[in-house]
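> Okay, sequence plus prediction incoming.
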Amino acid sequence: MAQEPAAQRGRDDTAGSQLERKLQRLGLREPSDFVVHLPIRYEDETRIHSIGAALPGRTVQLEAEVLFSEVQLRPRRQLVAAISDGTGRMYLRWLHFYPNQRRQVEAGKRIRVRGEVRQGFNGPEIVHPRISKAGEPLPDALTPVYPTTDGVSQPVLRKRVQQALTQADLSESLPPELCHRLGLPPFAEAIRTLHAPPAGMSEQALLEREHPAWRRIKFDELLAQQLSLALARRRRRSQRAQPLVARDTELLKRLRDALPFPLTGAQERVIEEISADLARTFPMHRLLQGDVGSGKTVVAAFAAAQAVASGHQVAIMAPTEILAEQHFNKLSGWLVPLGVRIVWLTGSLTPKQRRQALESIAAGEADLVVGTQALIQDKVQFPRLGLVILDEQHRFGVAQRLELNRKGDRVEGEGEHCVPHQLNMSATPIPRTLAMTFFADLDVSLIDELPPGRSPVITKLVSEARREEVLALVHREVLAGRQAYWVCPLVEESEALQLQTAVDTQQWLVDAFPDMKVGLLHGRMTPAEKQQVMEGFRLGSVQLLVATTVIEVGVDVPNACLMVIEHAERFGLAQLHQLRGRVGRGSGQSVCVLLYQGPLSMVARERLRAMYETTDGFEIARRDLEQRGPGEFLGMRQSGQELLRYADLQSDSAIVEEAREAAAWMMQNHPDSVRKHLQRWMRGREDLLRS
Ligand code: ADP
Ligand code: MG
């Protein structure tokens with residue numbers, strides 16, 4: 001929120017505007033927002049229960065006479081009352097109380113009592129019950145309990161929702177035949193039911209969101225998402241891109257011949273898919289998924305070569321300097337001998353180097369530009385940008401991706417406005433339902449095969465207490481001529497502390513292995529220092545590399561066969577999988593040791609178990625999604641908007657399919673309904689509409 005001038009703030013700080021601000025934080029501005037702010041649960045105040053049938057664990061509403069009440073002093077000061085309705089006796093207990101609460105429960109009074117029953121020392125009791133007057137009329141609908149925030153009470157929300165229901169447009173957004181075909185109740189009916197379910201409606205079905213009214217809402221939400229993605233796709237198809245048809249196929253042939261290995265079947269297939277996309281006149285938006293180590297870089301090289309052979313420039317962007325440099329080295333090795341001109345652009349260039357790089361890009365001399373975020377800075381001008389490749393795309397923010405797209409907007413071809421093709425690469429496999437709902441606009445290519453001769457990494461869980469054994473293992477590996485990583489623990493609270501830990505760990509390992517060259521790599525080193533250390537490790541002069549998570553992404557040193565991760569319980573699942581992916585890249589047997597310190601939380605235990613049980617990136621992603629939910633999984637939590645409020649991708653996957661079909665049908669046949677439906681469900685959430 002923008003900071004307002006102090007004077008104005010003073011004037012506006014009435015209770016009313018404070019409430020409005022809090023409501024806005026819940027996403028509640030217009031009546032139509034309140035209408036789709038749905039209860040998380042209900043309280044049944046429509047009935048009076050009998051004490052005799054009130055079982056522990058149930059929330060009940062009773063009407064009864066107070067038999068006695070007293071302030072007891074032992075074991076601590078508390079107010080205790082007993083009530084009876086003729087079917088049994090119930091105790092009421094307050095551990096702190098006000099004088100007027102004592103008066104409410106004077107002996108002989110008839111009262112209405114609400115609360116959860118539990119088994120007490122003397123029999124059934126309710127702690128801190130809600131007391132009201134007996135004999136008041138009972139509501140005929142269940143009482144909704146809404147998601148809320150500090151300072152917005154349930155009665156306030158209830159009132160505002162009720163108001164909104166009379167003000168907002170509740171008319172049907174779906175074609176009637178669709179509702180009929182899928183057996184969905186009308187929108188207005190579903191909404192009214194959920195805000196005020198009639199007494200006697202199955203609370204279970206409501207709670208588990210299986211009631212038809214809930215099905216309707218979940219369908220609506222998923223449909224809105226599918227529709228917005230379909231629109232994004234349509235928008236993209238109406239854009240123009242330069243078709244990248246290789247004028248000279250010699251380059252691609254020579255690249256293939258220059259590779260030290262044959263491509264896997266999966267690599268061949270995705271190279272084909274990408275090649276066909278690049279030849280089209282609308283921009284490619286393709287997500288290339290492949291587990292860590294599956295060989296995505298070489299696929300990027302083929303895409304780049306095709307673009308260059310068609311006379312265009314290519315930008316490859318990586319999330320870290322180390323990774324960008326590694327790409328630069330690898331791609332240079334393959335492509336420079338074939339006459340491709342490659343430039344390197346990161347934040348760490350000297351001003352002079354930088355100016356030279358920019359000049360050669362702007363003059364169209366550089367065919368291929370490899371770099372970090374520096375690539376999207378304003379000064380960089382590409383006269384012939386045809387293709388943008390993002391490696392580890394999930395590490396880039398949404399804003400950065402859009403920015404990079406805009407770069408290409410300056411490309412003009414025969415007077416037409418063109419945007420570049422885009423290839424996103426990711427080692428975070430996105431489970432099918434998630435891909436279908438959030439990336440439906442991206443075409444997906446999958447490398448589902450690892451290069452031959454790799455044996456899966458063996459993962460060992462080792463308690464901190466057995467650290468010495470791990471040292472012995474490191475020693476053996478290095479004596480055998482192999483290399484190892486030692487990953488330092490995450491220290492969330494403080495970067496300085498994390499750094500210190502890394503330095504200490506290195507010192508400790510130097511002392512433990514006087515005959516070994518132990519390198520150190522962390523985020524605070526200058527790029528030149530990092531480069532030097534990585535170079536030493538690559539060439540084998542450094543045998544043991546102590547590192548923070550800077551090595552998490554993409555680093556590729558095939559001779560490194562052992563990885564030790566300290567305090568593995570502090571890392572997330574995706575992160576552990578990425579880290580482990582740094583080993584198992586050569587033909588030798590690789591081992592990943594997860595050193596942990598107990599006691600483990602439930603979640604940490606599950607994570608380590610997942611790492612131990614599988615090396616399959618898709619399975620890991622599935623479990624990660626299960627643990628963290630889609631928002632965090634996709635790294636979109638910062639948008640402040642939940643991705644889906646009511647539907648759940650796992651349990652509602654059948655509805656996802658229905659919504660997908662319905663979206664295609666509506667786009668074809670009912671454009672007006674599409675507009676209306678999106679207005680209702682996508683207000684203020686335009687950031688989720690990827691294009
Ligand atoms: P990632 O998909 O994780 O980015 P890389 O592109 O870094 O994987 O490739 C991992 C390693 O496998 C690299 O050393 C690469 O040269 C090698 N590689 C890639 N494709 C093949 C292949 N078809 N056969 C053998 N090795 C390959
Ligand atoms: Mg990679």
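Sure, I can see it. Numbers count the residues shown, from 1 in each chain. Ligands and ions are numbered 1, 2, ... in the order given.
> which helices and strands sit right next to the lengthiest strand in the chain?
Counting by DSSP state E, the longest strand found in the chain is strand 59-72. On a contact count with 3 or more Cβ pairs under 8 Å, 6 or more residues apart in numbering; DSSP states H and E, strand 59-72 meets strand 78-84, strand 89-94, strand 110-119. From N, CA and C alone the C-beta is placed, and that goes for glycine too.
> Quick one: closest of the ones you listed to ligand 1.
strand 110-119 (52.8 Å; Cβ to the nearest ligand atom).
> Which residues are in contact with the closest residue to residue 127 other than its chain neighbours?
Nearest residue to residue 127 in three dimensions, chain neighbours excluded: residue 93, at 5.0 Å (Cβ to Cβ, 6 or more residues apart in numbering). Counting by Cβ atoms under 8 Å, 6 or more residues apart in numbering, residue 93 makes contact with 78-80, 120, 125-128.
> Most neighbours among those, which one?
residue 126 (23 neighbours; other Cβ atoms under 10 Å).
> who's in contact with the closest residue to that residue other than its chain neighbours?
Among residues not flanking residue 126 along the chain, residue 115 sits closest, at 3.9 Å (Cβ to Cβ, 6+ apart). Under the criterion of Cβ under 8 Å, 6+ apart, the contact list for residue 115 reads 59-60, 126-130.
> again, only this time at 10 Å
Applying Cβ atoms under 10 Å, 6 or more residues apart in numbering, we find residue 115 in contact with 59-62, 90, 92-93, 125-131.
> and what of residue 455?
584, 587-590.
> near ligand 1, which residues of the protein show up?
Neighbours of ligand 1 within the chain, by Cβ under 6 Å from any ligand atom: 261, 263-264, 267, 290, 292-298, 427, 451, 554, 556, 558, 585.
> ok, of the contacts of residue 115, which one's closest to ligand 1?
Once Cβ to the nearest ligand atom is applied, the member of the contacts of residue 115 that ends up nearest ligand 1 is residue 59, at 53.0 Å.
> Surely the closest one and residue 116 touch.
Yes. At 4.8 Å, residue 59 counts as touching residue 116 under the criterion of Cβ atoms under 10 Å.
> where do the contact lists of these two overlap?
Counting by Cβ under 10 Å, 6+ apart, the residues touching both residue 59 and residue 116 are residue 126.
> picking up where we left off before, please pick the buried ones from the residues of the chain next to ligand 1.
Listed as buried from the residues of the chain next to ligand 1 are 263-264, 267, 290, 292-298, 427, 451, 554, 556, 558, 585; burial here means 16 or more other Cβ atoms under 10 Å.
> Just want the phi and psi numbers for residue 289.
phi -100, psi 140 (degrees, to the nearest 10).
> Which strand residues bridge it?
Beta-bridge pairing for residue 289 (DSSP bridges): residue 426, residue 446.
> Just give me the least confident of the contacts of residue 455.
The member of these with the lowest pLDDT is residue 587, at 76.
> give the contact list for it.
451-455, 558, 561.
> Give me the subset of those lying in strands.
Per DSSP E, the contacts of residue 587 map to strands at residue 561.
> Just give me the closest of the contacts of residue 587 to ligand 1.
Nearest to ligand 1 among the contacts of residue 587, with distances taken as Cβ to the nearest ligand atom, is residue 451, at 3.3 Å.
> thinking again about what came up before, in the contacts of residue 587, find the pair that's most separated.
452 and 561 (17.4 Å; Cβ to Cβ).
> With neighbour numbers in mind, choose between these two.
A side-by-side neighbour count of residue 452 and residue 561, using other Cβ under 10 Å, places residue 561 first with 24 against 9.
> Let me know whether the more buried one touches residue 591 as I believe.
Yes. Using Cβ under 10 Å, residue 561 is in contact with residue 591, at 6.9 Å.
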